[in-house]
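[1] sequence first, then the predicted structure, then my questions.
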Amino acid sequence: MPVNQQLLLDNRPVGEAIASNFKLVSTDTPALQDGQVLVRHHFLSLDPYMRMRMSDSKSYAAPQALGEVMIGGTAGEVVESRSAKFQVGDQVVGMGGWQQYSVVNAEQPGALRKVNTTIVPLSHYLGAVGMPGVTAYYGLVNIIAPKVGQTLLVSAATGAVGSAFAALSKARSCRTVGIAGGAEKCHYAISELGFDACIDYKLHADAASLSKAVKAHCPDGVDGYFENVGGMVLDAVLPRMNAFGRIALCGMIAGYDGRPMPLSNPALILTSRLKVQGFIVSEHMEVWPDALKELGTLVATGQLKPRETLAQGLAAAPEAFLGLLKGKNFGKQLVKLI
């Protein structure tokens, strides 16, 4: 069995996460038992939710345990199998964590999923045709529930969730506007992702200025908003929401370092009779088959063109993760392990 490199959560961050919160170790991979498979990871997914799991404060999921392999989605190949369900060479996705190999109990429902890489590249199953894509789908279809011609807005527009949201929204004939950081990302949002407009939040020093830009690009108001960021961005959008607008809230990256994020005018939720719903996509497995089918078709037909930022090697994961939290990635942030 191969020697396995792993990244452990060594200590909890105080304020911003730092690279020394993690510890790189090498360990012997245990021999397989009946019903288990050995997966060599080709890609590791880095996602904002991981910052919340690093803290021991109350959240929707248990904190990441200290001294254990950091949680994370992985895509790779079965290299040894003692399960009739998987053969050597199968391409699979799972939650293998921040390590080169994982031993997986193949009998556990949902622990490992075979994927078809003849049309969709393996890495996309961690992004557009994976958890981020399904997140966009659920928020759009089940919470925002748009009608043809309505105006939809999404923050972190060029990330894995935002880019999938754009393709799904345009497929439903909605005016789709994004918020992203920097001219290059905004240009990409319009020219490659199909957004009707994109607002560069870096040009705005406060919520009032950003809100004016939202009004300029959404002259008929905002019917549905997909929130990934929170903070100033949410303060800027709330005044532009139409009556009975819907807000799907799946991320608050502006507050992941522990800083409080008070709303400047929460009364707008009442006066505009807004529906604001937070959600965790793993609690809605019933939508995954339909979502993955549509997302896979969008990628295969070129209607969704995912972009990826690749860090090379497991040791690069901490710095890549810290960069993700500061918006330094362009598209889906992955670590290439092979």
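    Noted; the coordinates are in hand. Numbering: from 1, shown residues only.
[2] can you tell me the centre-most residue of this structure?
    residue 132 (4.0 Å; C-alpha atoms, centre = their mean).
[3] so how far is residue 26 from the closest residue to that residue other than its chain neighbours?
    The shortest distance from residue 132 to any non-neighbouring residue, by C-beta to C-beta, 6 or more residues apart in numbering, is to residue 160 (3.6 Å). C-betas here are computed from N, CA, C, even on glycine. To residue 26, residue 160 is 30 Å away according to C-beta to C-beta, to the nearest Å.
[4] those two - which one has more neighbours?
    residue 160 (28 against 9; other C-beta atoms under 10 Å).
[5] can you pull the contacts of the more buried one?
    Counting by C-beta atoms under 8 Å, 6 or more residues apart in numbering, residue 160 makes contact with 127-128, 132-133, 306, 331-333.
[6] and after the least confident helix or strand in the chain by mean pLDDT, which helix or strand comes next?
    Every helix and strand in the chain was compared by mean pLDDT, DSSP states H and E; the lowest is helix 49-54, with a mean of 91. Using DSSP states H and E, the next helix or strand after helix 49-54 towards the C-terminus is strand 74-81.
[7] extract the CA atoms of that following strand and return them as CSV.
    Extracted in CSV, the C-alpha atoms of strand 74-81 (Å, rounded to 0.1, in the frame of the first residue of the first chain):
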residue,chain,number,x,y,z
THR,A,74,-12.1,14.8,-4.2
ALA,A,75,-12.1,13.3,-7.7
GLY,A,76,-9.9,10.4,-8.7
GLU,A,77,-9.4,6.8,-9.7
VAL,A,78,-9.9,3.5,-8.0
VAL,A,79,-6.5,1.8,-7.8
GLU,A,80,-7.4,-1.2,-5.7
SER,A,81,-10.8,-2.7,-4.9
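[8] partner strands of the next helix or strand after that strand, parallel or antiparallel?
    For strand 74-81, the following helix or strand on the C-terminal side (DSSP H and E) is strand 91-94. Here strand 91-94 is paired, per DSSP bridges, with strand 74-81 (antiparallel), strand 112-114 (antiparallel).
[9] gap between the first one and the chain center?
    In this case it means strand 74-81. The chain centre lies 22 Å from the centre of strand 74-81; the measure is C-alpha atoms, centre = their mean, to the nearest Å.
[10] what comes into contact with it?
    Looking at strand 74-81 with C-beta under 8 Å, 6+ apart, the contacting residues turn out to be 32, 37-45, 86-97, 101-102, 106, 115, 122-123, 125-126, 337-338.
[11] can you check the last one too?
    Outside of strand 112-114, the residues that reach it under the criterion C-beta under 8 Å, 6+ apart are 37, 39, 86, 90-94, 104, 106.
[12] out of those, which one sits closest to residue 231?
    Checking the contacts of strand 112-114 against residue 231 with C-beta to C-beta, the nearest one is residue 93 at 31.7 Å.
[13] that older thread, among the contacts of strand 74-81, name the buried ones.
    32, 37-45, 86, 90-97, 101-102, 106, 115, 122-123, 125-126, 337 (16 or more other C-beta atoms under 10 Å).
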